[in-house]
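Enquirer: Okay, sequence plus prediction incoming.
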Amino acid sequence: MQYTLADMIQVFRNSRTLTLLLLIALTPISACTLTTQRSAPTLYEELGGAAGVDTLTTDFIRKIAADERIKGRYRDSDIGRFHRMMGEQMCLLTGGGCTYTGDDMLRTHAGMKITRVEFTAIVEALMLAMDKNNIPQGTQNRLLELYAPMHNDIVDR
């Protein structure tokens, strides 16, 4: 004879057995659900972690060095320091848990008289570096969104 769920509930209505059966039945589902749920990867992880950020930063600097509109700005710069600061900043902004040891963007760019054209060229260099590294468009947009608010601290008005 087959019993429906309603029949089984009627039989065990006032019994602790029903509670126990329900707990036993639901426990594997709950445990399975809890162990299979993972949080979404951070932007840092989407960029490939430390190695990905390092590669992206290297390619970004190479794109800047190849761009006639902006390469002169970096002629007298300590490129090693620039690379480290960009890597630290990108790591921090994207959730990698790094410490940024550089100055804020306003102090870093004070008196440089960076134009909107130069700022755009730098953004384009970053976009080209991300394309070179096959970073998905959505990830690129999320990274650019983190840097966009810095515009007002970088471009001289």
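Expert: Nice, I can see it.

Enquirer: any idea of the pLDDT on the residue nearest in space to the middle of the chain?
Expert: With distances taken as Cα atoms, centre = their mean, the residue of the chain nearest its centroid is L43 (1.4 Å). For L43, the pLDDT comes out at 98.

Enquirer: residue ranges of the helices in this protein, please?
Expert: When assigned using DSSP state H, the helices of the chain occupy the ranges 5-11, 16-36, 43-46, 49-66, 79-93, 105-109, 116-132, 137-147, 151-154.

Enquirer: And the fourth one, what's buried?
Expert: Taking 16 or more other Cβ atoms under 10 Å as the basis for neighbour counts, the residues of helix 49-66 that come out buried are G52, V53, D54, L56, T57, D59, F60, I61, K63, I64. For the C-beta atoms, the positions are set from N, CA and C on the backbone; glycine is no exception.

Enquirer: from those residues, which two are the most distant?
Expert: G52 and I64 (18.7 Å; Cβ to Cβ).

Enquirer: and this structure, what are its domains?
Expert: 5-36, 43-154 (automatic domain parsing).

Enquirer: just checking, which of those domains sits deepest inside the structure?
Expert: Among these, ranked by average contacts under mean count of other Cβ atoms under 10 Å, first place goes to domain 43-154 (a mean of 15).

Enquirer: pLDDT below threshold where in the protein?
Expert: 1-37, 157 (pLDDT under 70).

Enquirer: same thing but 90
Expert: 1-39, 156-157 (pLDDT under 90).

Enquirer: between the helices of the chain, which one is nearest to T99?
Expert: With Cβ to Cβ as the yardstick, what comes closest out of the helices of the chain is helix 79-93 (6.8 Å).

Enquirer: gap between that closest one and the chain center?
Expert: With Cα atoms, centre = their mean, to the nearest Å as the basis, helix 79-93 stands 15 Å off its chain's centre.

Enquirer: Remind me what that helix packs against, helices and strands.
Expert: Under the contact criterion of 3 or more Cβ pairs under 8 Å, 6 or more residues apart in numbering; DSSP states H and E, helix 79-93 touches helix 49-66, helix 137-147.

Enquirer: Which one, of those, ends up nearest to L93?
Expert: helix 137-147 (4.6 Å).

Enquirer: Residues contacting the closest one, please?
Expert: L43, E46, L47, M90, L93, T94, V123, L126, M127, M130, D131, I135 (Cβ atoms under 8 Å, 6 or more residues apart in numbering).

Enquirer: Please name the nearest non-neighbouring residue to the fifth one.
Expert: Right, L93. L146 (4.6 Å; Cβ to Cβ, 6 or more residues apart in numbering).
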